[in-house]
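Undergrad: With the sequence up front, the predicted model follows.
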Amino acid sequence: MPKVQARPHGEAPARVAHRAATAAFGWQGVEQRPYKEDERALYKTITRQVLFSDPKMAGELRYFEVAPGGFSTLERHEHMHGVLVLRGRGHCLVGDEVKRLETRDLVSVPPMTWHQFRATTDEPLGFLCMVNAERDKPQLPTADDVARLRRNPAIAAFLDGKPRT
Ligand code: MN
């Protein structure tokens, strides 16, 4: 019998040791989805690229990019996020705090804490996000949750896209 190759010649291996960076925060072999809008306005102009994901790893690393004036989903969940801003500036809401974000800042999102990331209006905000591979589904805020958050004027301004800090 002829020797059967595990993989046909030319097919990409399951694990790639090196992926070169391409133009504008892309990487070889990593799917880059175009900016899209959510009709319920849960998020605005954000893309996601999964940089590291493997059954042998307990975590995943993703790169998110929010277009100028865009924002990530306001959500909470049991799993945590470790975030490193790679590109641009913006603001984040974590719990009851709104913080200004500069390139290379770090953000920790604790379990069951409302969070959202917003880009400034003049440039994209790109960030790495470390997350558990096995994780619970994000919860979205109810109208009551949003009303409670909005009682804090700094959070209301942030949610309206006019952060004060
Ligand atoms: Mn999240």
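TA: Yes, it's here. Numbers count the residues shown, from 1 in each chain.
Undergrad: got a list of what K99 touches?
TA: Applying Cβ atoms under 8 Å, 6 or more residues apart in numbering to K99 gives the contacts H91, C92, V107, T165. C-beta coordinates here come from the backbone N, C-alpha and C atoms, glycine included.
Undergrad: got the CA coordinates for the strand or helix carrying it in CSV?
TA: For K99, the host element (DSSP states H and E) is strand 97-101. The C-alpha trace of strand 97-101 is given here as CSV (Å, rounded to 0.1, in the frame of the first residue of the first chain):
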residue,chain,number,x,y,z
GLU,A,97,-15.8,53.4,36.5
VAL,A,98,-15.1,55.2,33.2
LYS,A,99,-11.4,55.3,32.3
ARG,A,100,-9.5,57.0,29.5
LEU,A,101,-7.5,54.6,27.4
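Undergrad: Starting from it, tell me which strands it pairs with and how they run.
TA: Counting by DSSP bridges, the strands paired with strand 97-101 are strand 90-94 (antiparallel).
Undergrad: picking that back up, buried residues, the strand holding K99. List them.
TA: Within strand 97-101, the residues scored as buried using 16 or more other Cβ atoms under 10 Å are V98, L101.
Undergrad: Sheet partners, orientation included, of the next helix or strand after it?
TA: Later in the chain than strand 97-101, the nearest helix or strand by DSSP H and E is strand 106-109. Partners of strand 106-109 in the sheet, by DSSP bridges, are strand 81-87 (antiparallel).
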